[in-house]
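Trainee: just need the structure, nothing else, for what follows:
(one chain, ligands or ions: 1)
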Amino acid sequence: MAATAAAAAMSMRIAALPSSSTAAFQENSSGMWSSSIVKASPFLGVRLCEPKHFSSQSFSFNPKAKCITKPQLQAIAAPVETKRAAPEARRAGLKSSVIITGASSGLGLAAAKVLAQSGEWHVIMACRDFLKAEKAAMAVGMPRENYTVMHLDLASLESVRQFVENFRRSGRPLDVLVCNAAVYFPTAKEPTFSAEGFELSVATNHLGHFLLARLLLDDLKASDHSARRLIIVGSITGNTNTLAGNIPPKANLGDLRGLSAALNGVQSSPMIDGGQFDGAKAYKDSKVCNMLTMQEFHRRFHEKTGITFASLYPGCIATTGLFREHIPLFRTLFPPFQKYITKGFVSEDDAGKRLAQVVSDPYLSKSGVYWSWNKDLNSFENQLSEEASDPEKAKRVWELSEKLVGLA
Ligand SMILES: NC(=O)c1ccc[n+]([C@@H]2O[C@H](COP(=O)([O-])OP(=O)(O)OC[C@H]3O[C@@H](n4cnc5c(N)ncnc54)[C@H](OP(=O)(O)O)[C@@H]3O)[C@@H](O)[C@H]2O)c1
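Mentor: Numbers count the residues shown, from 1 in each chain. Purely as a prediction, here's the structure:
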């Protein structure tokens, strides 16, 4: 019944796709077709994103951690695939297994590289552009036997379900899931929409990951790994208890009226709070959803399952593709500004080591935590803003999201 309502809401929203959005279809290497939305919005004003929070020039792991070894380049070899169920696969001596969404660039790629080169992890790179991910993995020297690229378009709930099926067919166990992929449209004047008709930042960053994490929870439960984890990448920009989080437009989910309206098939705002479209705010709101989701997972499942649920702010990685929609001048000036003025700059490599640490460091096993790093490069449990830690809001976002993705 609820699933039907969600489907109806979705179909109404698809019908409402603006003329500036075009659906594009592509075949992946497994012969499956996927859809994505091509955006045609003009670039306007300039806004800062992910500004200074911590100074970080280099990174060193917790010396007590044993899971990450120094990266070593290895020769390219044929991929190793199995068709066994999780417990047998583990007994057969497979490496620890981690899915990282959006591992084709930036933070996701850098973390994938660290984990694959450690020799202890097999990384499933869950990416919308199969070829780009393959090329990126090779370019950074990931040992061929330590990664698999699988197609996942988070902007399509159908693609998320298809990915989960394909992953299960691979027979690999799932020890850690990292919800990392994101899009950010800070200069967009008009919203673009996902396959199901949701505003694209919320669809990709939150709803796609919400469905993925909910479906793969069973796989994490089935893992016999000593440290099963679900990591959802957060952001300082969604936290209004920080200087960066106070740069307008501020994150604010309000009373969730925009998200609720989608359930009833009402043609309303593309924004969660029901307000006017603002691309930068949509991104920040989606990050608040990410952080609320992590905590709701923790409350509902940590005690029952022993799985660690965590989030992190990796630092300001000013060079990544996240800023690709910004005007060229911003993209040129933002990295030196962060590096030399705010000193909040973190390189992709160092940020990747931070994410890899949250995946594998036995000392970062506490659940329900939002990790950050201080000036001495030590990880610490950071405070989330009032909204990003509001349990009532987390519950409501969870319940609405369940309906919107067809789980309730
Ligand atoms: N950069 C920062 O300063 C910063 C700060 C705090 C937090 N973060 C967070 O870090 C995470 C990674 O961002 P990043 O800075 O590394 O940006 P990035 O380099 O642009 O990486 C984003 C990744 O997400 C993928 N992606 C986008 N839409 C997707 C979709 N529909 N389906 C599947 N994958 C999709 C991209 O794939 P393509 O390669 O195909 O585009 C790319 O691999 C995000 O969660 C972001 O919020 C970043």
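Trainee: now for Glu386, how many residues are close by?
Mentor: Neighbours of Glu386 under the rule other C-beta atoms under 10 Å: 11. Every C-beta, even on glycine, is put in place using the N, C-alpha and C of the backbone.
Trainee: check what pLDDT it gets.
Mentor: Per-residue pLDDT puts Glu386 at 96.
Trainee: that one reaches Asn239, doesn't it?
Mentor: No: between Glu386 and Asn239 there is no contact under C-beta atoms under 8 Å: 9.4 Å.
Trainee: what strand or helix carries the closest residue to Met142 other than its chain neighbours?
Mentor: Among residues not flanking Met142 along the chain, Ala116 sits closest, at 4.2 Å (C-beta to C-beta, 6 or more residues apart in numbering). Secondary-structure element containing Ala116, defined by DSSP states H and E: helix 106-117.
Trainee: show me what that helix is packed up against.
Mentor: strand 96-101, strand 121-127, helix 130-139, helix 348-360 (3 or more C-beta pairs under 8 Å, 6 or more residues apart in numbering; DSSP states H and E).
Trainee: try 6 Å this time
Mentor: strand 121-127, helix 348-360 (3 or more C-beta pairs under 6 Å, 6 or more residues apart in numbering; DSSP states H and E).
Trainee: separation between Ser260 and Met291?
Mentor: Distance from Ser260 to Met291, counting by C-beta to C-beta, to the nearest Å: 20 Å.
Trainee: compare these two (neighbour count), which wins?
Mentor: A side-by-side neighbour count of Ser260 and Met291, using other C-beta under 10 Å, places Met291 first with 26 against 17.
Trainee: enumerate the residues of the protein near the ligand.
Mentor: Residues of the chain lying close to the ligand by C-beta under 6 Å from any ligand atom are 50, 101-102, 104-108, 127-129, 132, 152-155, 180-183, 204, 233, 235, 313-314, 316-318, 320-322.
Trainee: returning to what we had before: can I get the helices and strands packed on helix 106-117 in a markdown table with mean neighbour count?
Mentor: Putting the helices and strands packed on helix 106-117 into a markdown table (neighbours: other C-beta atoms under 10 Å) gives the following:
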| stretch | mean neighbour count |
| --- | --- |
| strand 121-127 | 28 |
| helix 348-360 | 24 |
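Trainee: tell me the SS of Phe166?
Mentor: No Phe there; residue 166 is Asn. Classification of Asn166 by DSSP: H, G, I helix; E, B strand; the rest coil places it in helix.
Trainee: tally of neighbours for the closest residue to Arg172 other than its chain neighbours?
Mentor: What sits nearest to Arg172 in space, not counting adjacent residues and going by C-beta to C-beta, 6+ apart, is Ser97, at 5.1 Å. The number of residues packed near Ser97 is 24, by other C-beta under 10 Å.
Trainee: okay, Ser97 and Glu120: tell me how far apart.
Mentor: 11 Å.
Trainee: over to Lys366?
Mentor: 21 Å.
Trainee: same check, this time on Leu174
Mentor: Going from Leu174 to Glu120 by C-beta to C-beta gives 16 Å.
Trainee: the more surrounded of those two?
Mentor: Neighbours were counted for Leu174 and for Glu120 using other C-beta under 10 Å; Leu174 has more, 26 against 15.
Trainee: isn't the more buried one up against Asp219?
Mentor: Yes: under the criterion of C-beta atoms under 6 Å, Leu174 makes contact with Asp219 at 4.0 Å.
Trainee: the residue in the chain that the ligand sits nearest to and Gln383, how far apart?
Mentor: Closest residue of the chain to the ligand, C-beta to the nearest ligand atom: Gly106 (2.2 Å). Between Gly106 and Gln383 the computed distance is 25 Å (C-beta to C-beta).
Trainee: who has more neighbours, the two?
Mentor: Taking neighbours as other C-beta under 10 Å, Gly106 and Gln383 compare with Gly106 leading, 24 against 13.
Trainee: what's the distance between that one and Val183?
Mentor: From Gly106 across to Val183, the span is 12 Å (C-beta to C-beta).
Trainee: pick out the residue nearest the middle of the chain.
Mentor: In the chain, the centroid-proximal residue (C-alpha atoms, centre = their mean) is Asn180; its distance is 2.3 Å.
Trainee: ok, that one - contacts?
Mentor: Listed by C-beta atoms under 6 Å, 6 or more residues apart in numbering, the contact set of Asn180 reads Ile100, Thr101, Gly102, Gly108, Val233.
Trainee: what's around the residue lying closest to it once chain neighbours are set aside, how many residues?
Mentor: Take Asn180 and drop its neighbours on the chain: the residue closest to it by C-beta to C-beta, 6+ apart is Gly108, 4.3 Å away. Gly108 has 29 neighbouring residues, counting by other C-beta under 10 Å.
Trainee: correct me, but Gly108 touches Ile99?
Mentor: No: using C-beta under 6 Å, Gly108 makes no contact with Ile99, being 10.5 Å away.
Trainee: tell me the confidence at Arg396?
Mentor: For Arg396, pLDDT reads 98.
Trainee: hang on, it is in a helix, isn't it?
Mentor: Yes: assigned with three-state DSSP, Arg396 falls within a helix.
Trainee: my guess is Leu107 contacts Asp349, does it?
Mentor: No: contact between Leu107 and Asp349 fails when scored by C-beta under 6 Å: they sit 10.2 Å apart.
Trainee: residues touching the residue nearest to Met142, list them.
Mentor: With the criterion set at C-beta under 6 Å, 6+ apart, Ala116 makes contact with Val123, Met142, Pro143, Asn146, Tyr147.
Trainee: who wins for neighbours among those residues?
Mentor: Neighbour counts for the contacts of Ala116, by other C-beta under 10 Å, peak at Val123, which reaches 33 neighbours.
Trainee: quickly list what that residue is bridged to.
Mentor: Beta-bridge pairing for Val123 (DSSP bridges): Val98, Tyr147.
Trainee: show me the contacts for it.
Mentor: Val98, Ala112, Leu115, Ala116, Tyr147.
Trainee: mind redoing it with 8 Å?
Mentor: Val123 sits next to Val98, Ile99, Ile100, Ala103, Ala112, Leu115, Ala116, Met142, Asn146, Tyr147, Thr148 when contact means C-beta atoms under 8 Å, 6 or more residues apart in numbering.
Trainee: between those, which is nearest Lys375?
Mentor: Leu115 (25.7 Å; C-beta to C-beta).
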